[in-house]
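Provided below for reference: sequence and predicted model.
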Amino acid sequence: MSALLEVRGLSVLYPGARRAAPVRALDEVSLAIRAGSVCGLVGESGSGKSTLGQAIAGLVEPAHGQLLFDGQPLPRRRRRADFRRQARAIQMVFQDPGGSLNPRLTTGEILAEPLRLHPDAAPGAHAERVSAWLQRVGLRAEHAARYPHEFSGGQRQRIGIARALILEPRFVICDEPISALDVSVQAQIVNLLADLRRELDLTLLFIAHDLAMVRHVSDRIAVMYRGRLVEEGPAAALCRAPLHPYTQRLIAAMPLPDPCRERTRRHAPAPEAIADYTTDTPVGCLFAPRCPLADARCRHERPALRESGQDRRVACHHVTLP
Ligand SMILES: Nc1ncnc2c1ncn2[C@@H]1O[C@H](COP(=O)(O)OP(=O)(O)O)[C@@H](O)[C@H]1O
Ligand code: SF4
Ligand SMILES: [Mg+2]
């Protein structure tokens, strides 16, 4: 089946602080996301998940690589007028619903702004579109007159979702859309996104730092470690039988719903400090310092992402592909 979005060998470098080497936030990442599917993207903090989302949305400039949308290369410079139409098709829901909404604008103004910027996308009355979207995300039409600070965190995220969807995009990047919210409202926001995805036939990249969050909403899951894609495959198979030692560690750290399994499982590894990402061009496998299987080859040769007959990909020298 054809991919709506294809990422080919994408690398992003950020300038290092003072004299430090640049930070290699994304290192030759390749990923294809089928139209109408949900791809979960997981990895610890600092692994490059937001950078990948922002590069797809045109908010950061890649150093190398290519992005294809519907088979067409996305232009590098996203602000050019000819990019407008494609830009509309890709939208982003941010992690911090408070920080990403302009506090000086009313909700109605926030939602009408994308319609103003893309007039061809939005013929007709903006006010009507705004009230329809407020209701669609579970708010009320009269909320258009209120400012972001008058809402709860969950309500603000509903506004963030309406703002992303009002232009009727085809591809939406949800960057940890619930991690800043109270546990009590997290499920409501996930359900809202799942409902809207079905109704609007959206394709989603769903970013989370924790596998437990994405496993039930994703068709496929991609796992990143320090800027590299280390494993990718169907969500159920990947969670049932993770191949990469890092994915295995993520699964082992997941809370288990079954108390019997919880009692008998081996002790979970202690949380580790976030690694230092300021190295310049690292050789070998980046997971080697934490991997129980690491040997001399791992430390010197970068493992290629290999593909199995069962539609799974993994970057590890010592995994036998299923
Ligand atoms: N604007 C920036 N300038 C410099 N370094 C950055 C910037 N944004 C992110 N980074 C660095 O890039 C790496 C990846 O960050 P990020 O994509 O935010 O990871 P994640 O979303 O997985 O937590 C981290 O080492 C982070 O410190
Ligand atoms: S390549 Fe080596 S160090 Fe890297 S994950 Fe595989 S076994 Fe571990
Ligand atoms: Mg992030």
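Looks like it arrived, so ask away. Note that the structure is a prediction, hence the values are computed from the model and not measured. Ligands and ions are numbered 1, 2, ... in the order given.

Check the secondary structure at Ala132 for me.
Three-state assignment for Ala132 (DSSP: H, G, I helix; E, B strand; the rest coil): helix.

Up against ligand 2, what does the stretch 51-200 of the chain have?
Taking CB under 6 Å from any ligand atom, no part of the stretch 51-200 of the chain reaches ligand 2. All C-beta atoms are positioned from the backbone trio N, CA, C, and that covers glycine.

Can you pull the residues of the stretch 51-200 of the chain lying near ligand 1?
Going by CB under 6 Å from any ligand atom, the residues of the stretch 51-200 of the chain near ligand 1 are Thr51.

where along the stretch 51-200 of the chain do the helices fall?
Ranges of helices in the stretch 51-200 of the chain, per DSSP state H, counting those that start in this stretch, are 84-89, 107-117, 126-136, 153-165, 183-200.

List of residues touching the second one?
By CB atoms under 8 Å, 6 or more residues apart in numbering, the residues outside helix 107-117 that reach it are 101-102, 105, 121-122, 126-127, 129-130, 133-134, 139, 143-148, 151, 159, 162-163, 166-167.

Equivalent analysis for stretch 130-140, please.
The contact list for stretch 130-140, computed with CB under 8 Å, 6+ apart, reads 107-108, 111-112, 115, 141, 143-144, 155, 158-159, 161-162, 165-166, 188, 192, 196.

Which among these count as buried?
Among those, those classed as buried by 16 or more other CB atoms under 10 Å are 107-108, 111-112, 115, 143-144, 155, 158-159, 161-162, 165-166, 192, 196.

Go through these and name the one nearest ligand 1.
Comparing the buried ones among the contacts of stretch 130-140 against ligand 1 with CB to the nearest ligand atom places Ile161 closest, at 19.3 Å.

OK, contacts around that closest one?
Per CB under 8 Å, 6+ apart, neighbours of Ile161: 93, 137, 177, 189, 192-193, 196.

Adding pLDDT, write those residues out as a markdown table.
As requested, the contacts of Ile161 are arranged in a markdown table below (pLDDT from 0 to 100):
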| residue | pLDDT |
| --- | --- |
| Val93 | 95 |
| Val137 | 97 |
| Pro177 | 94 |
| Ile189 | 94 |
| Leu192 | 95 |
| Leu193 | 95 |
| Leu196 | 96 |
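
By neighbours, which of these wins?
Most neighbours among these, by other CB atoms under 10 Å: Pro177, with 28 neighbours.

I'd like to know how far that one sits from Pro169.
Remark: distance between Pro177 and Pro169 (CB to CB, to the nearest Å) = 15 Å.

Please apply the same query to Glu44.
Going from Glu44 to Pro169 by CB to CB gives 28 Å.

Likewise for Leu229?
Counting by CB to CB - Leu229 and Pro169 are separated by 24 Å.

Can you pick out the residue with more neighbours from these two?
Legend: neighbour count by other CB under 10 Å for Leu229 and Pro169, higher for Leu229 (27 against 20).

Contact partners for that one?
29-31, 222-223, 305, 313, 315.

Highest mean neighbour count out of the helices of the stretch 51-200 of the chain?
Per-stretch averages of neighbours, counted by mean count of other CB atoms under 10 Å, single out helix 153-165 among the helices of the stretch 51-200 of the chain, with a mean of 23.

tell me the angle of that one relative to helix 183-200?
20 degrees (axes from the mean of the first three to the mean of the last three CA atoms, to 10 degrees).

so where's the stretch 51-200 of the chain uncertain?
76-86, 119-124 (pLDDT under 70).

and the closest residue to ligand 1 within it, how many neighbours?
Proximity of the stretch 51-200 of the chain to ligand 1 (CB to the nearest ligand atom) peaks at Thr51, 3.3 Å away. For Thr51, the count of nearby residues is 23 (other CB under 10 Å).

Which strand residues bridge the residue most central in space within the chain?
Closest to where the C-alpha atoms of the chain average out (CA atoms, centre = their mean) is Ile207, at 2.9 Å. Beta bridges link Ile207 to Leu41, Asp175, judged by DSSP bridges.

Can you list the buried residues in stretch 52-70?
For stretch 52-70, the neighbour count (16+ other CB under 10 Å) marks 52-58, 60, 62-63, 65, 67, 69 as buried.

hang on, the earlier thing: now, which of the buried ones among the contacts of stretch 130-140 sits nearest Met213?
Of all the buried ones among the contacts of stretch 130-140, Met213 sits closest to Leu192, with 14.7 Å by CB to CB.
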